[in-house]
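Asks: prediction below, plus the sequence it came from.
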Amino acid sequence: MAAPITIEDVIKEYKPRCQTALEKFLPRQFEDSTIKYFFGEPQYGYDNASATASLLTPIWDLLDRGGKQWRPILLCLVAEALGVNLDIVLPISVLCEIVHNGTLMCDDVEDDSKLRRGKECIHLLYGVDIAVNAGNAMYFFPLAVFRDYHKNKQVTDAMLIRCYELYGQELLNVHLGQGLDIHWHQGKKNPSVQDYLQMCAYKTGVLARLSARLGALLSGASDEFIHNVGIFAESIGVAFQIQDDLLNLTGQEFAAKIDMLGEDIHEGKRSLMVIHSLTTAPKEKAARLEEILNSKTSDRKVIEEAIEIIKSSGSMEYALQVAKDIIAKAWKGIEPLLPENPAKTKLKVFADDLVNRSV
């Protein structure tokens, strides 16, 4: 009897192909042909070396640090589940990965983070000005993918417009999600559970939703399927964020990548566990937790005190169950619409295991 497939198996199968597509699309240094590809014919001329140093070098510094590339893989799984050759959708997979990393680069500036994937954040290595500019550029580089699809007649005019509409709306949604998260961890409001889940849907869920919907759109799926696979993918993103927040407080291996177990406590973030604890812990402990969050402390003992309050409230178990319930509900909605094939099995494993990961 064959061993059951794992998320590691899925990542190992698809990540190299997504990485190859990324390397093919985004150069590591600008030459005359590549800089004109992205920016057009200059009126006066380009400084290729400076353009490389200010954009491509910091961008590839972050991209080369790895990451699961689960959003591009999700796009591939959706397309494959619909019976589409991966070569058709692989170029669009680079869009999902570049945009995601752009949000990380900007997020690290906004949070004044120190480490990203085990190394100093880009803004600490190259400066805040370079990081903000390069991070924003990562929202626009991938638009060349749509242009190429249209040029090669792989999409109609109507499909091209729809791709742009999807992309523009989801990028706007990401910024609302990030804005809400920042506002709350500044201590200006304690959000409700529903507030938090909607923030996660926008901050983390919409890029997963964009990936899945683009994969389905380019695969010729029906409007019903595109809508439903978007809900499923968004739910994966929400559950992924909840697990991220859990690992921030409990995961030693995860903490090594961000330089601090409980960094979210230091930043004052109102995660699902914090929201649950603030409403269920004894009044004195809830008040103490809010005090610690608002202090933005770096004191290890104080951070550990906050984590202990959250643990004693049963908030860790509560958050994990919420994440699992979200995935189960989302799968129930999309499962009947998927053909029976190996990609469907991989998609289910992929969704479940993202919630049970340790890093």
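Replies: Cool, the structure landed. Numbering: from 1, shown residues only.
Asks: now do stretch 318-329: distance to the chain's middle.
Replies: How far stretch 318-329 lies from its chain's middle: 18 Å, per CA atoms, centre = their mean, to the nearest Å.
Asks: which parts of it are buried?
Replies: The neighbour-count check on stretch 318-329 (16 or more other CB atoms under 10 Å) flags 318-320, 322-324, 326-327 as buried. All C-beta spots, glycine's among them, are computed from the backbone N, C-alpha and C.
Asks: now those residues as JSON lines including secondary structure and pLDDT?
Replies: Output for the buried residues of stretch 318-329, formatted as JSON lines (DSSP: H, G, I helix; E, B strand; the rest coil; pLDDT from 0 to 100):
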{"residue": "Tyr318", "secondary structure": "helix", "pLDDT": "96"}
{"residue": "Ala319", "secondary structure": "helix", "pLDDT": "94"}
{"residue": "Leu320", "secondary structure": "helix", "pLDDT": "92"}
{"residue": "Val322", "secondary structure": "helix", "pLDDT": "95"}
{"residue": "Ala323", "secondary structure": "helix", "pLDDT": "93"}
{"residue": "Lys324", "secondary structure": "helix", "pLDDT": "92"}
{"residue": "Ile326", "secondary structure": "helix", "pLDDT": "94"}
{"residue": "Ile327", "secondary structure": "helix", "pLDDT": "92"}
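Asks: out of those, the closest to Ala216 would be?
Replies: Nearest to Ala216 among those is Ile327, at 18.8 Å by CB to CB.
Asks: who touches stretch 38-51?
Replies: Applying CB atoms under 8 Å, 6 or more residues apart in numbering, the external contacts of stretch 38-51 come out as 29-32, 35-36, 141, 144.
Asks: just name the shakiest helix or strand of the protein by mean pLDDT.
Replies: The weakest-scoring helix or strand in the chain, judged by mean pLDDT, DSSP states H and E, is helix 252-258 (a mean of 55).
Asks: other SSEs contacting whatever helix or strand comes next after it?
Replies: Downstream of helix 252-258, the next assigned helix or strand under DSSP states H and E is helix 263-267. Other helices and strands packing on helix 263-267, by 3 or more CB pairs under 8 Å, 6 or more residues apart in numbering; DSSP states H and E, are helix 223-250, helix 300-312.
Asks: how about 10 Å then?
Replies: With contacts taken as 3 or more CB pairs under 10 Å, 6 or more residues apart in numbering; DSSP states H and E, helix 263-267 sits against helix 86-111, helix 157-185, helix 223-250, helix 252-258, helix 272-280, helix 283-295, helix 300-312.
Asks: can you redo the ones you listed as TSV with distance to Asp353 and mean neighbour count?
Replies: Formatted as TSV, the helices and strands packed on helix 263-267 follow (distance: least, CB to CB, whole Å; neighbours: other CB atoms under 10 Å):
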stretch	distance to Asp353	mean neighbour count
helix 86-111	19	21
helix 157-185	24	16
helix 223-250	10	22
helix 252-258	15	15
helix 272-280	20	22
helix 283-295	31	16
helix 300-312	24	17
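Asks: quick one: which of those is nearest Val193?
Replies: helix 272-280 (5.8 Å).
Asks: by how many degrees do that closest one and helix 157-185 diverge?
Replies: With axes from the mean of the first three to the mean of the last three CA atoms, to 10 degrees defining the directions, helix 272-280 sits at 50 degrees from helix 157-185.
Asks: how many neighbours does the closest residue to Met105 other than its chain neighbours have?
Replies: Spatial nearest neighbour of Met105, chain neighbours left out: Gly135 (3.5 Å); criterion: CB to CB, 6 or more residues apart in numbering. Residues within reach of Gly135, counting by other CB atoms under 10 Å, total 23.
Asks: so which bits of the helix or strand where Gly135 lies are buried?
Replies: Element membership of Gly135, judged by DSSP H and E, is helix 128-137. Buried positions in helix 128-137, judged by neighbour count with 16+ other CB under 10 Å: 130-132, 134-135, 137.
Asks: what is the nearest of those residues to Leu337?
Replies: So of the buried residues of helix 128-137, ranked by how close each gets to Leu337 (CB to CB), first place is Gly135, at 35.7 Å.
Asks: residues in contact with the closest one?
Replies: 58-59, 62, 101-109, 122-123 (CB atoms under 10 Å, 6 or more residues apart in numbering).
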